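> Sequence first, predicted model second:
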Amino acid sequence: MILLKTMYEDIIQAKKDSKKLLAVLIDPDKIDTSRIPEFFQKVHESIITHVFVGGSTDEGNQLETVVKTIKQHTNLPVLIFPGSHEQITETADGILFLSLLSGRNPKYLIEQQIQSVSKLVNSSLEIIPTGYILIDGGVETAVQRVSETQPISQEDETAILHTALAGQFSGKKLIYLEAGSGAKKMVKPEIIQKVASQLQIPLIVGGGIRSKTQLNAAFSAGADLVVIGTAFEENEAFLEELKK
Ligand SMILES: CC(C)=CCC/C(C)=C/CC/C(C)=C/CC/C(C)=C/COP(=O)(O)OP(=O)(O)O
Ligand SMILES: O=P(O)(O)OC[C@@H](O)CO
Ligand SMILES: [Mg+2]
């Protein structure tokens, strides 16, 4: 019998080894598929370890085509980061099975998840239960609009910490602190530090990270995996600053 390690086990191992992980977020609505080969050459020269694909919306229904094309050009693990139950394709390696724990909208706590089951029940995607916590990043974000929920204020550190721990106690395997795509303010390092120091499971941080200094601040504070989307969309040179 061949025992293959799961992507989740690899994340746990990286955490144990204090090896920091970085995901590029590809928004299927925004990427020009003809640019994927060239873009991934640069990705492979950088410290990026994971590829997340998803958007708060997928208006052009591009997810499957985009994931297929990405898979032709990389061996990095490709995880779906779904804005809805419609964003599922077998061509990826896994899916962050998100539940929006910061909100009180049942559609994003359990309804989207139930609606996704018919596609996932016979799937070979690795399903990773993820507690997703939206934090105020200083602008109204797409997630906020789509989910019709309010982010938690960065002042309310206890609420953020307790939400993350309630996620862990409920059996989530990852916690994602999200300031929102294109956030003005990333999640404060003090908050990352507070949550990371109490959480046993790996911590993902994303939203509004646009510089190497911010990336290193998130890592030093205890983020195990950082997600960057907008900064690469707006400025590919930033990718070159993150060379191995
Ligand atoms: C488990 C399944 C199948 C679905 C879960 C659905 C849930 C709970 C989603 C959480 C709320 C949500 C809408 C998350 C979206 C996450 C995401 C892909 C954000 C990226 O947003 P962008 O599309 O980059 O935003 P912009 O369009 O503003 O750049
Ligand atoms: O696009 P940015 O601001 O990098 O955010 C990444 C991700 O956390 C958004 O869901
Ligand atoms: Mg975006």
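Sure thing, it's come through. Ligands and ions are numbered 1, 2, ... in the order given.
> all strands of the protein, in order?
Remark: strands assigned in the chain by DSSP state E are 21-26, 50-53, 78-80, 94-100, 126-134, 174-178, 203-206, 225-228.
> which helices and strands sit right next to the second one?
Based on contacts counted as 3 or more Cβ pairs under 8 Å, 6 or more residues apart in numbering; DSSP states H and E, the elements that strand 50-53 packs against are strand 21-26, helix 63-73, strand 78-80. (Each C-beta comes from the backbone N, C-alpha and C, glycine too.)
> Name the strands paired with that strand and say parallel or antiparallel.
If you go by DSSP bridges, strand 50-53 pairs up with strand 21-26 (parallel), strand 78-80 (parallel).
> Residue of the chain closest to ligand 3, please.
residue 181 (3.4 Å; Cβ to the ion).
> Around ligand 2, which positions in this structure sit nearby?
Contacts of the chain with ligand 2, taken as Cβ under 6 Å from any ligand atom, map to 25, 178, 181-183, 206-209, 227-231.
> so who does the closest residue to residue 104 other than its chain neighbours touch?
The spatially closest residue to residue 104, leaving aside those adjacent along the chain, is residue 149, at 6.8 Å (Cβ to Cβ, 6 or more residues apart in numbering). Residues counted as contacts of residue 149 (Cβ atoms under 8 Å, 6 or more residues apart in numbering) are 100, 102, 103, 104, 105, 108, 134.
> could you list every residue that touches the second one?
Listed by Cβ under 8 Å, 6+ apart, the contact partners of residue 102 are 132, 133, 134, 135, 149, 150, 151, 152, 163.
> looking at it, residue 175 is touching residue 162, isn't it?
No - with contacts defined as Cβ atoms under 8 Å, residue 175 does not count as touching residue 162, sitting 11.8 Å away.
> Those two: who's more crowded?
residue 175 (25 against 13; other Cβ atoms under 10 Å).
> Does that one have any beta-bridge partners, and if so which?
With DSSP bridges as the rule, residue 175 is bridged to residue 131, residue 203.
> how close does the nearest residue to residue 79 once chain neighbours are set aside get to residue 6?
Spatial nearest neighbour of residue 79, excluding adjacent residues (Cβ to Cβ, 6+ apart): residue 94 at 4.8 Å. Distance of residue 94 to residue 6, computed by Cβ to Cβ, to the nearest Å: 8 Å.
> what does residue 43 give?
Counting by Cβ to Cβ, the gap from residue 43 to residue 6 is 22 Å.
> More neighbours: which of those two?
A count of neighbours by other Cβ under 10 Å puts residue 43 above the other of residue 43 and residue 6, at 22 against 13.
> The nearest residue to the more buried one once chain neighbours are set aside: neighbour count?
Closest residue to residue 43 apart from its sequence neighbours, by Cβ to Cβ, 6+ apart: residue 24 at 6.1 Å. Using other Cβ under 10 Å, the number of residues around residue 24 comes to 26.
> again, but for the one 4 residues further on
By the other Cβ under 10 Å criterion, the neighbourhood of residue 28 contains 25 residues.
> OK, contacts around it?
53, 54, 55, 58, 60, 62, 63, 65, 66, 87.
> and these as TSV, adding distance to ligand 3 and neighbour count?
Formatted as TSV, the contacts of residue 28 follow (distance: Cβ to the ion, whole Å; neighbours: other Cβ atoms under 10 Å):
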residue	distance to ligand 3	neighbour count
53	12	28
54	9	26
55	7	26
58	12	20
60	14	12
62	14	18
63	14	24
65	18	14
66	14	26
87	14	25
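> near ligand 1 too, which of those residues?
Near ligand 1, by the rule Cβ under 6 Å from any ligand atom, you find 54, 55 out of these.
> Let me know the closest of the contacts of residue 28 to residue 30.
residue 55 (7.6 Å; Cβ to Cβ).
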